[in-house]
Each structure stands twice: as structure tokens, then as C-alpha cells.
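1. Need a 3D model of the following:
(2 chains)
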Amino acid sequence: MRVGQNPAKFVKDVKKPERITVAVLTYVPFMSGYYAEMVDVIKISLASLIANSDLPHDLMVFDNGSCREMQDYLRELQDQGHIQYLLLSDKNLGKGGAWNILLAGAPGEIVAYTDSDAYFYPGWLSRSVELLETYPRVGMVTARPFRQNEAGNLKTLEWANKTGGVKVEKGDFIGWEDFWGFVRSLGNSEKQAREWFNTSQDTRLTYKGVSAIVGASHWQFTAWKKTLQDFLPFDMSRPMGQVKQLDERMNSAGYLRLMPTEMLAQNMSNRVPDEYRKNLGKVDVKPQRRKHGRWLDVPFIKNRLLALHDRIFRWYYD
Amino acid sequence: MTRIGQNPAKLGMPAYQPQKVGLATITYIPSVEGYFRDSMAIFKLMLKSLRQNTLEPFDLLVFDNGSCSEIQDELLRLQHQGLIQWLNLSSENLGKTGAQNWIFSALPNEWIGYTDSDVLFRKGWLDASWDIIDHFPEAGMVGAQPCYFDVLKGQGKAQNELKPKTNYLISPYTPDEWVTDEYCRGINAVPEQAKKYHAMKLKVINTEKNDFKAILGASHMQFLMPARLAKSILPLPYRSGLSQEEDRQLDLRIDQNSKLHLSTLKPHVVHMGNVLDDWVTDLAGKAGINIGADKSVYKVVKTSSAKRMYGLDWLARHAATRRGLVRLYNKLFQVLSEKS
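-> As a prediction, the model looks like this:
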């Protein structure tokens, strides 16, 4: 039976979610083969998010049924105060299935989603939000420019060409190094990449003084939650492959797909890139500070306070 | 930074498909002392009764609203045993309604069932809920225990829309004495309150065609509702840890969608409360769960023990000190439930 009053009834102001939810999807079923370095990749990715997300946000991680080592690390990050919502699934729902829960459940007005193999540079979040808020009817913003076929961005181009006040430029706005850096991460050869680089162009827009490259992708995007809701739920029949529909459907529905002009995120794929490998020993992020200081971590003090709390409960409610 | 090999997850392996019903509960156990001393044991009873007495497959989501580490570790162990499909560990207490906003928007199942974490499930509870849903297409929120409160006080839009329909009859109803006794015991009603409950006349609705009956009203403690309806009423405004006014918003929005609150005539679920006493042990036994056979499963994890404080015991007997100590109790609760 109920004895006493639930102290939660006396909590008059609970925490409200931040305006932005940074949402990450992790999946490392075992630590060998394709996934041999994935835990390290994810550690670097999350450390970069924690260090370089420059607007107030909640970090939400959906783990799609990973091995214990991965889950233990995520718990550790949450204990340190870096992850606000850690959602652990006992089975792999596939990427679409995980999105159905993660993107639908993200409490922020703005959702910044990323696969767990992306590295983020300072300013990525504020720049993504700037594009989202400056341009009308933005569907998704990916935090780095890379070259894409025009077919997937026809509605963005159509809007730019018919809207007054939009400057449209064609040219090579992504340098070879940035172009190659991304294309290489997808497993392409340098020869293929050179050929593509030499035979294609970027489209740069400037609207209300803010420049953007046309394009975006499902591996990382910032979007309005209300816009994403129009595209949920996703087909969940297979673990991967369905999520590309988001790119096509956003374009078909007439939403803009944009990227900043500078590289603020990098795809690492499933191996720790050489340039980040040297940081591996430094990814253990520092715990956030308690509101009431660290004195509560002293077992002697905490146990005495708990005992006093329990004693008062017994006096009046037990 | 090159992708090496092909992600095995892309090889066409089937992904897990959610069940028709997704059940969700919220845990909030910031310490294993005081009010929360038996909370984990009670939660485990709830879980066991749910698993044992639900006769069709379902997914279970547990939203932990910022419990202490011992409890979160225990929840993880239960997930590793396959008892919980989705475990959401929140670093802060979002309150019941804040957590429900998350649950209702995120659960991917066609039907959403919510239960407080101190509810005992009896065999057949889900079938009894489906029976109501099958007989009343207007059902929005269906509880498996008779509801003693019409939260809409007879003014519900959905109820008023029923009045011109001749295929339903609404009449007063008195639950069996044992039903009311059990309800009163669960909430630890004092004798005067119990007397009021026994004197209450509930409203029952029955279908004229086959005389199927359900009680008008459903409790926030446990209910089943269509996911589409749950998603359409979001976000629910919230501010507090637990608030009847916030619960009322849920009722009003369901009613505004012309959907009825209905519950079963017999209690297929029971509120256990926060103390694992003989009464709860007996209830569990009758529901097919023998606590005595495996007491260790229900053992409560304790980090510290409450020792007697003789001087304060004496002081606490004085009414003048009570107010101050209760204030201290609430302040301690706030500080101790803060997470790093």
C-alpha cells in the first residue's frame, strides 16, 4: 500500500528540454571486423560534439543494441553529465526504426541528428541553426559542404532561381582538399574523385547576407522537429538503406537542402583517421560540475544525509 | 579516413519489428531510502506480473526519470535479461507529464499502454481492455481497474455526444465490496475516506445490443490508448514532478477528440503503493507470483542504513518541530536527488 507522500509531488519546477536536441545513433554489435575500431570512432565523435557544440542543447543518444563495452562507455558519459537522454534498445531496430523513436522522441524544437562516425568542428551547431533560421522552409542542413548531383536538390535550386534577393553562383566553391577529404571517407579512389571534381560544380546561394552551398545528406542534418514529423515513420523492414528516402522525400516536398560554405563536420567512417588518432588518449571528457558542488560525492556526508532523510520519513509517514 | 569494408548491417538482415502493443512505465527512485525504500522491489513485482500475466507479445519501454545509479544499474541488468526492450535513462527528472510527452511521441507501436511502476497485473488484463475497445469504438483511454472518479465531472464532450445515441445506456453502478476494499487498501485510505468510496455510485455504460458493460472514467495509473490519439494530443503542458492538474490536461485533450474514458468493472490491475508489505505479498501470490520462493529477486539494494537518532526521535514528537523537519526532508530530497 501507499505509505507517506511521494516526494516528487513537492517538485514544483522540473527541467525543461533545451531548444535544440543533438541526437546520435550508435550501433556496435561486437568489437571486431568492420566494427573493430568503432568504439574509438564513437568516442572521438562524441568528444567532438561535447567540446564543439556551441549552442545550449540536450544530447540524446539512441543505442541500437550494442555490445556491453559500448553501452558502458555511454553510461559513463551520462554519469559525467554529458548525455541528457540515453536510450538503450535491446535489439537492433535498423536505422529507420531507431529514427522513428529517436527523431519522434527528441524533445527540442530543433533536432541536430548525426550518425556516430562524424567529427564536429567548433561552430558547427550555430552555423547550422543560422542557415535553418535564415532561409525559408529549410528541410535539412548538413554541417559541411560536399558535392552532390543536382537531381536531389531540384526544389532548392528552383526556389533560389525564382526568389528575389537570392544570389545564385556556380563554380568550384569546395576546395580539392575538402572535396577529397569527404569522398575518400566513403571509400572512393583518388582517380575517381579527381574525375568527378573536374567535371562537376557547386551551387552557392546568398540570401539575407548568409551564404550556403546547395545540398544535404541523411548522415548528418539539422532540422525543425515539426518538419521531420511530416516524414515519420520510416519503413523499418531492413536495418539500413531506407533512410536515403529522407533526402528524396525532403526534396520532393519542396524543402530546401543546404550546407554551410565551410567544413564544420567530417565523416570518419569505421576507422579512426590518422589526424584524430593522436587525440584518442584525450577523449575522456571531464565531468560536469554539480549545482551543489562535489561535497555530496563524499560517502560519509551523503550517507548521513540519506539516513536523516530516511529517519524523517519514518517519523512522519511510516 | 576511409571506410574499410561494408557495414554488415546493410546486408539485408531483417530489423526488429515492433509489436502491436507498446507498454511504457516511468521509474523515479532517486534514493533507496525513505519513501522509496521498497520502490525497486515493487517495480520488479510490476515487471514480473506484466511479463507473466500478459498473454500476447508486447514491447516494454521504461523511462527512468533520473533515478540514482544503483537503480539505473539494476534497470540495465533487467534489460540484459530481456525483460525491457527500450530503456531511456534521463539524467534529470522531467516530471511524469514531461516523460509522458516523450513516451507518447516516441513509441512506435500501434497501441500505447501506460502504467505507473507500482501496479500489479493480473492474468487477462489486456483481454479485458480489448473487450472494451471492441465494444466501444469511441474508446480513447481504457483502464483495467474500475475508476472511482469521473475527472470530467459529467461534463465530458464525448459523454454528451453519446446521450442522443440510443444504442447505449448509462446507469449508476456500485462495485462489489471487495473491489472497493482493495482499492482503498492500495491508496491507504483512512476509514472516513473508505466509507465515502463505499457509498459512491459509479456510472456504467452498456451496449444495448449485447449488454456489454464498462465504467465511465479511466485512471492515469494504468491505461491503454491508440497511438494515433496519444500523438495527436501532444505536447502536454508540464511543470511539476507529479500534478493532478497536468493529468487533467491529458483527460481534457482526449475528451476534446470525442474519445471516451472507460474502465473494466473488475480490477484486473491493482495499485500496490510504495511498501512491500504482507498485503502486497498476498496480492502477488494470488496473481501467480510467489515472492517467498525467490526473495533475493526482490531484495532492495541499499547504500546506507538508517540508524536510530535518539535525540532527534524525541524532538520529532513535538508538533512545533514537525514543520521544520518536513521542510528539511523536502530540501534534502532535492539535494540528494540531484545528479552530477
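
2. Isn't A:S185 up against A:N270?
-> No - the criterion here is CB atoms under 8 Å, and A:S185 misses it with A:N270 at 9.9 Å. Yep, even glycine has a C-beta here, placed from its N, CA and C like the rest.

3. Show me where the chain has its helices.
-> Picked chain A for this. Taking DSSP state H as the criterion, chain A carries its helices at A:38-52, A:68-79, A:94-105, A:124-134, A:154-162, A:176-185, A:190-199, A:225-229, A:245-252, A:274-277, A:299-316.

4. Correction: the question concerned chain B.
-> Using DSSP H, helices in chain B cover B:39-53, B:69-80, B:95-106, B:125-135, B:157-162, B:177-187, B:191-199, B:227-232, B:244-256, B:278-286, B:310-316, B:319-336.

5. which residues sit against the fourth one?
-> Spelled out, that is helix B:125-135. With CB atoms under 8 Å, 6 or more residues apart in numbering or on different chains as the test, helix B:125-135 has contacts from B:21, B:53-56, B:58, B:113, B:139, B:142-144, B:207, B:210, B:212, B:214, B:224, B:262-264, B:266, B:268-269.

6. May I have the beta-bridge partners of B:L87?
-> Here B:L87 sits in beta bridges with A:L88, B:V62, as judged by DSSP bridges.

7. To clarify, my last question referred to B:S171.
-> Note on B:S171: beta-bridge partners B:V204, judged by DSSP bridges.

8. With A:F120 instead?
-> Under the criterion used (DSSP bridges), A:F120 bridges to A:A265.

9. any idea how far it is from chain B?
-> For A:F120, the distance to chain B equals 14 Å [CB to the nearest CB, to the nearest Å].

10. what does A:L55 give?
-> Going from A:L55 to chain B by CB to the nearest CB gives 19 Å.

11. Next, count neighbours for that residue.
-> The number of residues packed around A:L55, counting by other CB atoms under 10 Å in any protein chain shown, is 16.

12. just the one 10 residues further on next, same as before
-> For A:G65, the tally of surrounding residues (other CB under 10 Å) stands at 19.

13. now swap in A:K95 and tell me
-> Applying other CB under 10 Å, we find 25 residues neighbouring A:K95.

14. Tell me which residue of the stretch 51-200 of chain B lies closest to chain A.
-> For the stretch 51-200 of chain B and chain A, the shortest gap (CB to the nearest CB) falls at B:A106, measuring 3.0 Å.

15. Give me the nearest residue to that residue, chain neighbours excluded.
-> Once flanking residues are discounted, B:A106 sits nearest to A:G105: 3.0 Å by CB to CB, 6 or more residues apart in numbering or on different chains.

16. Lowest average pLDDT across the helices of chain B?
-> For the helices of chain B, mean pLDDT drops lowest on helix B:310-316, to a mean of 64.

17. who's B:V119 bridged to?
-> Counting by DSSP bridges, the residues bridging with B:V119 are B:H271.

18. what's near enough to touch it?
-> Counting by CB under 8 Å, 6+ apart, B:V119 makes contact with B:46, B:221-222, B:269-272.

19. which of the residues you listed lies closest to A:N251?
-> The nearest member of these to A:N251, counting by CB to CB, is B:Q222 at 44.3 Å.

20. gap between that closest one and B:D116?
-> The gap separating B:Q222 from B:D116 is 7 Å, by CB to CB, to the nearest Å.

21. Neighbour count for the two, which is higher?
-> Each of B:Q222 and B:D116 has its neighbours counted (other CB under 10 Å); B:Q222 has more, 26 against 18.

22. Any idea how many residues pack against the nearest residue to the more buried one once chain neighbours are set aside?
-> Residue nearest to B:Q222 in three dimensions, not counting chain neighbours: B:T115, with 4.3 Å by CB to CB, 6+ apart. Using other CB under 10 Å, B:T115 is surrounded by 23 other residues.

23. Residue of the stretch 101-250 of chain A closest to chain B, please.
-> Relative to chain B, the nearest point of the stretch 101-250 of chain A is A:G105 (3.0 Å; CB to the nearest CB).

24. so that residue touches A:L87, yeah?
-> Yes - with contact defined as CB under 8 Å, A:G105 reaches A:L87; the gap is 7.5 Å.

25. quick one: common contacting residues for these two?
-> Contact with both A:G105 and A:L87 is made by residues A:60, B:88, according to CB under 8 Å, 6+ apart.

26. Look at residue 54 and say how many residues are nearby.
-> If you meant another chain, say so; for now it's chain A. Neighbours around A:D54, by other CB under 10 Å: 14.

27. try again with chain B
-> Using other CB under 10 Å, the number of residues around B:T54 comes to 19.

28. Give me the nearest residue to it, chain neighbours excluded.
-> What sits nearest to B:T54 in space, not counting adjacent residues and going by CB to CB, 6+ apart, is B:L126, at 5.5 Å.

29. how many neighbours does the residue of the stretch 101-250 of chain A closest to chain B have?
-> Neighbour count of A:G105, defined by other CB under 10 Å: 26.

30. Now do the same contact list for it.
-> A:G105 sits next to A:60, A:87, B:88, B:102, B:105-106 when contact means CB under 8 Å, 6+ apart.

31. at 6 Å what do you get?
-> A:G105 is in contact with B:102, B:105-106, counting by CB atoms under 6 Å, 6 or more residues apart in numbering or on different chains.

32. most surrounded residue in these?
-> When neighbours are counted by other CB under 10 Å, B:W102 leads the contacts of A:G105 with 28 neighbours.

33. Could you find the closest non-adjacent residue to that residue?
-> Spatial nearest neighbour of B:W102, excluding adjacent residues (CB to CB, 6+ apart): A:G105 at 5.1 Å.
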